[in-house]
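Enquirer: Structure of the sequence below:
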Amino acid sequence: MTLPLSSKQRKALRGLAHSLSPIVQIGKAGISDEALGQIERALEIHELIKVRFVAGKQSKDPAVAEILERTGAAEAGRVGHVSILFRPHPDPEKRRIVLPR
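Expert: Just a heads-up that it's a prediction; the model follows:
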């Protein structure tokens, strides 16, 4: 299940992600288990990450949907071939990002 975000929360997350560089790159072959593992680890550590897609638009939408479904993350935005993903840390004590209401 993906995390629901309001438009105000997505806007705040996009602002926070502006200075970030993409951590994971998804190639034309699609999402491998290794890439998904990297995304999982990055979300656990950073909560907010960017993922770059090398393939065209036709394969990008299903790839993002698969990542969101398999990780439980939410997409805060997409700029060109880069998607901004957010998933809060499962432990409330370790959360770095506080979303606006």
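
Enquirer: Other residues contacting the worst-scoring helix or strand of the chain on mean pLDDT?
Expert: Scoring the helices and strands of the chain by mean pLDDT, DSSP states H and E places helix 57-71 at the bottom, with a mean of 87. By CB atoms under 8 Å, 6 or more residues apart in numbering, the surrounding residues in contact with helix 57-71 are 2, 26, 28, 30-31, 36, 39-40, 43, 51, 53, 55, 73-75, 78, 81, 83, 85, 87. Any C-beta I mention is one placed from the backbone N, CA and C, and that applies to glycine too.

Enquirer: rerun that using 10 Å as the cut-off
Expert: With contact meaning CB atoms under 10 Å, 6 or more residues apart in numbering, helix 57-71 is reached by 1-3, 24, 26, 28-31, 33, 35-36, 39-40, 42-44, 51, 53-55, 73-75, 78, 80-81, 83, 85, 87.

Enquirer: Generate a ChimeraX selection restricted to the buried subset of those residues.
Expert: ChimeraX command restricting the contacts of helix 57-71 to the buried ones, with burial defined by 16 or more other CB atoms under 10 Å:
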select :3,24,26,31,35,36,39,40,42,43,51,53,73,74,75,78,81,83,85,87
